[in-house]
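> structure for this input, please:
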Amino acid sequence: MIFLDPTTDLAFKKLFGDQAKKEILISFLNSVLNRKEGEKIINVTMTNPYNDPDVDWLKLSIVDVRCVDQQGKNYIVEVQVEPQNDYPERSQYYASHAIARQLKSKGKYREVMPVIFVGILDFNLFESPDYVQHHLILNAKTYEHALRHLEFYFIELRKFHKTIDQLDNVTDKWIYLLKNASTLDKIPSQLQNPVELEEAMDALKQGNLSQEELAAYDRFVDARRVAESVRDTALQMGHEQGLKQGRIEIARQLLSKLDVQEIARITGLSPDEINQLK
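Down below sits the predicted model:
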């Protein structure tokens, strides 16, 4: 049995962007955000389950949802696989934008609901060894939490090193699934309880994809390998020179596999530069 990598764009949407399987996202968020009885998320509505068409398909996948709990909060869930130094700024921009767009022309500020940003990262962003981090706006002197409309959770998968037999709680089980699903050949017993974990593994079965979806998934995986190769080349040769040379070498490798426009999108080279390589 082959499972998809949940950090890829298509698999992430299959897992968390399907309204018919919203219980998977509800269970994930309640676990990772440590929601207690009385504040648990009980329903979600996918408001924008797919990327805007002009967003770089290699870099991120966003599931923008309206979560219904006792406070009626809004949640943004995003997976980011490519390292970005400005990710903290970008996450704050997205969350602030989600607050700003709530108000219509005659809306009142008191009608604005909190926004919680959940970032699933396949790279290390902070110095802290904690693989789940919760950021708030606090009073610098008293640590009072009075500004409650913005919260941020970051899950750094590369800091999670537990084995399948070391999973202590449901949060650990979810993070293990996100990091390791594509390396499994069956659904382990540890990921069958709660039932949403098993449903998540079922959603990630490669056999559930159409031929078109499988081709898109393979392109994403290839593109990730390309990006890693470009980074390695840049480090070896010096950033600017290495980055350019790495893109050229990768473009050469892809000439027999992809069309010019897709190679241009992956490498950042112009179509003319790619045509010259032929």
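
> in terms of helices and strands, where is residue 136?
Using DSSP states H and E, residue 136 falls within strand 132-137.

> what does the very next helix or strand once past that strand contact?
Once strand 132-137 ends, the next helix or strand along the chain (criterion: DSSP H and E) is strand 147-156. Contact partners of strand 147-156, identified using Cβ atoms under 8 Å, 6 or more residues apart in numbering, comprise 32-33, 91-92, 95-96, 99, 112-121, 123-126, 131-137, 175, 178. For every residue, glycine as well, the C-beta is placed using N, CA and C.

> and the longest helix anywhere in the chain, average pLDDT?
For the chain, the longest helix by residue count, based on DSSP state H, is helix 211-237. Mean pLDDT, helix 211-237: 76.

> and it, what does it pack against?
When contacts are defined as 3 or more Cβ pairs under 8 Å, 6 or more residues apart in numbering; DSSP states H and E, helix 211-237 packs onto helix 9-16, helix 239-254, helix 260-267.

> try 6 Å
helix 9-16, helix 239-254 (3 or more Cβ pairs under 6 Å, 6 or more residues apart in numbering; DSSP states H and E).

> tell me the angle that helix makes with helix 9-16.
Angle, helix 211-237 to helix 9-16, by axes from the mean of the first three to the mean of the last three Cα atoms, to 10 degrees: 120 degrees.

> which of the contacts of strand 147-156 fall within strands?
115-121, 132-137 (DSSP state E).

> show me which of these are buried.
By neighbour count, with 16 or more other Cβ atoms under 10 Å, the ones in strands among the contacts of strand 147-156 hold 115-121, 132 as buried.

> what is the neighbour count of residue 232?
Using other Cβ atoms under 10 Å, residue 232 is surrounded by 12 other residues.

> now it: closest residue in space that isn't a chain neighbour?
In this structure, residue 232 finds its nearest non-sequential neighbour in residue 246, 7.5 Å apart by Cβ to Cβ, 6 or more residues apart in numbering.

> ok, now residue 205?
Nearest one to residue 205, counting by Cβ to Cβ, 6+ apart, is residue 3 at 6.2 Å.

> I'd guessed the one you found sits against residue 202; true?
No: Residue 3 lies out of contact with residue 202 (Cβ atoms under 6 Å); the separation is 9.4 Å.

> low-confidence stretches in the protein?
Scanning the chain with the threshold set as pLDDT under 70 gives 47-64, 227, 230-231, 233-243.

> domain assignment for it?
9-208, 211-277 (automatic domain parsing).

> for the longest one, the distance to its chain's centre please.
In this case it means domain 9-208. Here domain 9-208 is found 8 Å from its chain centre; the criterion is Cα atoms, centre = their mean, to the nearest Å.

> can you give me the end-to-end span of it?
Length of domain 9-208, first residue to last, Cα to Cα, to the nearest Å: 15 Å.

> what's near enough to touch residue 26?
Counting by Cβ atoms under 6 Å, 6 or more residues apart in numbering, residue 26 touches 41, 44.

> and residue 226, by the same measure?
250, 266.

> next: residue 40.
Contacts of residue 40 (Cβ under 6 Å, 6+ apart): residue 30.

> how near is it to residue 31?
Noted for residue 40: a distance of 10 Å to residue 31, by Cβ to Cβ, to the nearest Å.

> from residue 30, how far off is residue 38?
Taken as Cβ to Cβ, the span from residue 38 to residue 30 is 12 Å.

> the two: who's more crowded?
Counted by other Cβ under 10 Å, residue 38 and residue 30 do not tie: residue 30 has more neighbours, with 21 against 7.
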